[in-house]
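[1] What follows is a predicted protein model with its sequence.
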Amino acid sequence: MTNAGHRITDAHECSQLNELKMDMTGLNMLAGWTTEGDTIMIEQMPIFGGYCGGVEETAICDVATTLASFALFSGNFHLDGPIHIRWGTTTNRESLQIAAHAAAAIDANTDLLLANQYYPMAGPCTEMCLLETAAQAINDTASGRELLSGSAAAKGVVQDKTTGMEARMMGKAALATAGMKVSDVNELLEKLVSGYEGNYNSAPAGKRFQECYDVKTVKPTAEYLQVYDGAVQKLRDLGLDIEN
Amino acid sequence: MVASRAVDIFEAYTRFNTGKRVREDSWDYVTVPNNALAMKEKYQINFGPDIVPTDDDLSDRLFHAGLEMLVTTGFYNTNLGRVMYLTEDEILEGVRKAPKKIKLGRGKDQVSCKSRHGNSTRKPIIEGGPTGAPVSEEIFPAMMQSYVQEPVVDTLVSGVLNTVCGQPATTNTPWEIRATLAEIRYVREACTLCGRPGMGI
């Protein structure tokens, strides 16, 4: 397979280290990719409650590292992902606020291409997982991001606990949000996040891909479709005009 | 002073290699938190209750706080134990040099990722996938198909194969390389099986 199957128009990913750090492995990969003219995505997930501190300090570091992705590492787009040091998710209130403020700040002052990645607390085939995913998609879309990447359900750490249904929700929620007034988005987010943020200690673990889909036909189970419909209805009740 | 040109990876390495030596724990526990707090205070950054900001002046102040954070703090190289610096003009030159749009994928499956501003009516690009979560070898192709078959998904982000040929894909071993290449083959296969062979990954 030419170029091991990776084309110039596929994203080559290199991660910064927390916070405002890089290693030689990253620099050496980037040396090859920039010379070759590849499409480069630089990732950085600032940790809320880590070295930076609170939400505002973490957002300041987020802006700084995003600018470094372009000015120092020749990235073509930046993949963000502010993560909570206690919960290990990107869908919690603080992470959403950091991501939205950093994106809006950069969006207002540049034409840079900004992405964000998804790590909900709950596992697949649960309403909480879908609502967390929708909350972040609403947040990222309304704050001007260009690309949404996900979703790594169950915090992205449990084997086989991710499925295409969560990506369907991410995409449909983004589609429904694009063009909404930001004040309406904030009202919606407040209700949505308040509905799940009290459940982190008892978040449903969800099911593995093999239990969510028929692995041979790659069709989601009737159970998951029902859970999905329930989440869509809940989002509609909160005011999001989302398709099935 | 105006930047002579944008900084590239090779210039970055040269600056790292001749930069100031700093202990990594001092960087993590002193430099970064102190500078972030100083920027917060200087630019009066306080978020309030809104999750998505509605205050344009706050957004501008946050941008300038982040820009100054990068200028005054610099960037740390963990292998060299050294810090390099960029000027504000060099950062802004790098921002100007960055693309406003990129093409992802090829042929009829190619999508264009273009700059959005505010909550544009144009939706963002949807990149579906496990985003680096661990996936069993046995179900990897089917799981990738579950994303590619979704019409709302524009591009694919892969998961991480837990094993390849039954061997753990341990970091810094030949099996890691083999697993990475296997992931790409499986992803391509999923795209082809779903009739979207040119989808960007």
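    Now that the structure is in, tell me what you want to look at.

[2] use CA for all of it now, contacts and neighbours both
    Will do.

[3] what's around A:Thr110, how many residues?
    17 (other C-alpha atoms under 10 Å in any protein chain shown).

[4] go on, the one 3 residues further on?
    By other C-alpha under 10 Å, 29 other residues sit near A:Leu113.

[5] can I assume it is in contact with A:His78?
    Yes: contact criterion C-alpha atoms under 8 Å: A:Leu113 and A:His78 qualify, at 6.6 Å.

[6] Next up, identify which helix or strand B:Asn34 is on.
    helix B:32-42 (DSSP states H and E).

[7] next one: that helix to chain centre, how far?
    Distance of helix B:32-42 from the chain centroid (C-alpha atoms, centre = their mean, to the nearest Å) equals 23 Å.

[8] Buried ones in it, by neighbour count?
    By 16 or more other C-alpha atoms under 10 Å in any protein chain shown, the buried positions in helix B:32-42 come out as B:32-37, B:39-40.

[9] Repeat that for stretch B:75-94.
    Buried, per 16+ other C-alpha under 10 Å, within stretch B:75-94: B:75-78, B:80-94.

[10] of the residues you listed, list those near chain A.
    Near chain A, judged by C-alpha under 8 Å from any C-alpha of the partner chain, the entries from the buried residues of stretch B:75-94 are B:75-78, B:90-94.

[11] and the residues you listed as JSON lines, adding pLDDT and secondary structure?
    Shown next, in JSON lines, are those (pLDDT from 0 to 100; DSSP: H, G, I helix; E, B strand; the rest coil):
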{"residue": "B:Phe75", "pLDDT": "98", "secondary structure": "strand"}
{"residue": "B:Tyr76", "pLDDT": "98", "secondary structure": "strand"}
{"residue": "B:Asn77", "pLDDT": "98", "secondary structure": "strand"}
{"residue": "B:Thr78", "pLDDT": "98", "secondary structure": "coil"}
{"residue": "B:Glu90", "pLDDT": "97", "secondary structure": "helix"}
{"residue": "B:Ile91", "pLDDT": "97", "secondary structure": "helix"}
{"residue": "B:Leu92", "pLDDT": "97", "secondary structure": "helix"}
{"residue": "B:Glu93", "pLDDT": "96", "secondary structure": "helix"}
{"residue": "B:Gly94", "pLDDT": "96", "secondary structure": "helix"}
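
[12] Could you export those residues to JSON lines, including columns for distance to A:Leu131?
    JSON lines is the format used below for these (distance: C-alpha to C-alpha, whole Å):
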{"residue": "B:Phe75", "distance to A:Leu131": "37"}
{"residue": "B:Tyr76", "distance to A:Leu131": "38"}
{"residue": "B:Asn77", "distance to A:Leu131": "39"}
{"residue": "B:Thr78", "distance to A:Leu131": "38"}
{"residue": "B:Glu90", "distance to A:Leu131": "41"}
{"residue": "B:Ile91", "distance to A:Leu131": "38"}
{"residue": "B:Leu92", "distance to A:Leu131": "38"}
{"residue": "B:Glu93", "distance to A:Leu131": "40"}
{"residue": "B:Gly94", "distance to A:Leu131": "37"}
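
[13] Could you single out the nearest of these to B:Ser4?
    B:Ser4 has its nearest neighbour among these in B:Glu90, at 8.0 Å by C-alpha to C-alpha.

[14] Contact partners for that closest one?
    Contact analysis of B:Glu90 by C-alpha atoms under 8 Å, 6 or more residues apart in numbering or on different chains lists A:71, B:2-7.

[15] Please report the distance of it from B:Arg122.
    31 Å (C-alpha to C-alpha, to the nearest Å).

[16] and the closest residue to B:Gly166 other than its chain neighbours, backbone torsions?
    Among residues not flanking B:Gly166 along the chain, B:Glu137 sits closest, at 7.9 Å (C-alpha to C-alpha, 6 or more residues apart in numbering or on different chains). Phi and psi for B:Glu137, reported as degrees, to the nearest 10, are phi -60, psi -40.

[17] again with B:Asp109
    In terms of degrees, to the nearest 10, the main-chain angles of B:Asp109 are phi -90, psi 0.

[18] centre of the chain versus the lengthiest helix in chain B, how much separation?
    In chain B, with assignment by DSSP state H, the single longest helix is helix B:174-193. Chain-centre distance of helix B:174-193: 21 Å, with C-alpha atoms, centre = their mean.

[19] Quickly check: it near chain A or not.
    Yes: looking at helix B:174-193 against chain A by C-alpha under 8 Å from any C-alpha, the contacts come from B:181, B:184-185, B:188.

[20] in that helix, what's buried?
    So for helix B:174-193, counting by 16+ other C-alpha under 10 Å, buried means B:175-176, B:179-191.

[21] what do you get for stretch B:10-24?
    Buried residues in stretch B:10-24 (16+ other C-alpha under 10 Å): B:12-13, B:15-17, B:19, B:22, B:24.

[22] Give me the distance between A:Val215 and A:Thr221.
    Applying C-alpha to C-alpha to A:Val215 and A:Thr221 gives a distance of 10 Å.

[23] neighbour count winner among these two?
    When neighbours are counted by other C-alpha under 10 Å, A:Val215 and A:Thr221 differ, and A:Val215 comes out ahead with 19 against 15.

[24] For chain B, see how far away the more buried one is.
    Going from A:Val215 to chain B by C-alpha to the nearest C-alpha, to the nearest Å gives 6 Å.

[25] Could you pull up the residues touching that residue?
    Under the criterion of C-alpha under 8 Å, 6+ apart, the neighbours of A:Val215 are B:139, B:142-143.

[26] Having no further points to raise, I will conclude here.
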